[in-house]
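**Student:** from the sequence below, what's the structure:
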Amino acid sequence: MVYGRAARRASIALHRFGVCPGDAVDIESVLRREGVIVDRWPLGEAVSGMFLRENEPVITVNSNHHSNRQRFTMAHEYYHYLYHRSLDHSVCLVDLQDKRRCEREANRFAACFLMPESTVSILLSRYDLETAAERMMVSVEALQWRLRELGILEGMIA
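**Tutor:** I've put the predicted structure just below:
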């Protein structure tokens, strides 16, 4: 299934870069190590980011978006870089309900990469929802989405 594959791939990438459970993922450092350039430009509200595979791979994120949103976009575009080799470019809209398989996979990868289950568990055993989100450098909404996906949101209070 799409979701399982993206989650496994996120786990492999986390292991490859030695991300320890409980730590926030330094997505920009990961991208630099991969030789991917990160640019920030104002792209308009409907566009969260884009990926270009030319001489050097470049991920551009919307500088008008919150830094947490930019991190999610970087992780999303990183998935396109890693696994959609036939794409020479990708423009991603803000719409997280995009029905295209490659976009759903990239969103799932980004969520699993930035909010691995082990890190979520560790931080939620120590902190409230808001603090856990801050520690992972994600939005409370993104963490709530991830918790629903993991089946552990019920009964939690932000």
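
**Student:** quick one, longest helix in the protein?
**Tutor:** helix 67-83 (DSSP state H).

**Student:** buried residues in it?
**Tutor:** For helix 67-83, burial by neighbour count (16 or more other C-beta atoms under 10 Å) applies to 68-81, 83. All C-beta spots, glycine's among them, are computed from the backbone N, C-alpha and C.

**Student:** helices and strands around the helix or strand hosting N107, which ones?
**Tutor:** Applying DSSP states H and E as the criterion places N107 in helix 101-114. Contact partners of helix 101-114 among helices and strands, from 3 or more C-beta pairs under 8 Å, 6 or more residues apart in numbering; DSSP states H and E: helix 2-16, helix 67-83, helix 140-150.

**Student:** which one of the buried residues of helix 67-83 is nearest L143?
**Tutor:** Nearest to L143 among those: N68, at 9.9 Å, using C-beta to C-beta.

**Student:** quick check: that closest one touching A142?
**Tutor:** Yes: N68 is in contact with A142 according to C-beta atoms under 8 Å; the separation is 7.2 Å.

**Student:** nearest to R32, of the helices and strands packed on helix 101-114?
**Tutor:** helix 67-83 (11.0 Å).

**Student:** what's the angle from that closest one to helix 140-150?
**Tutor:** Comparing the axes of helix 67-83 and helix 140-150 via axes from the mean of the first three to the mean of the last three C-alpha atoms, to 10 degrees yields an angle of 50 degrees.

**Student:** centroid residue for this structure?
**Tutor:** A110 (2.6 Å; C-alpha atoms, centre = their mean).

**Student:** which residues touch that residue?
**Tutor:** F72, T73, A75, H76, Y78, Y79 (C-beta atoms under 8 Å, 6 or more residues apart in numbering).

**Student:** the longest helix of the chain packs against which elements?
**Tutor:** helix 2-16, helix 27-33, strand 47-53, strand 57-62, strand 89-93, helix 101-114.

**Student:** contacts for it next, please.
**Tutor:** Taking C-beta under 8 Å, 6+ apart as the rule, helix 67-83 contacts 6, 9, 13, 25, 27-28, 30-31, 34, 36, 38, 40, 48-51, 53, 57, 59, 61-63, 65, 87, 90, 92, 102, 105-107, 109-111, 113-114, 137-139, 142.
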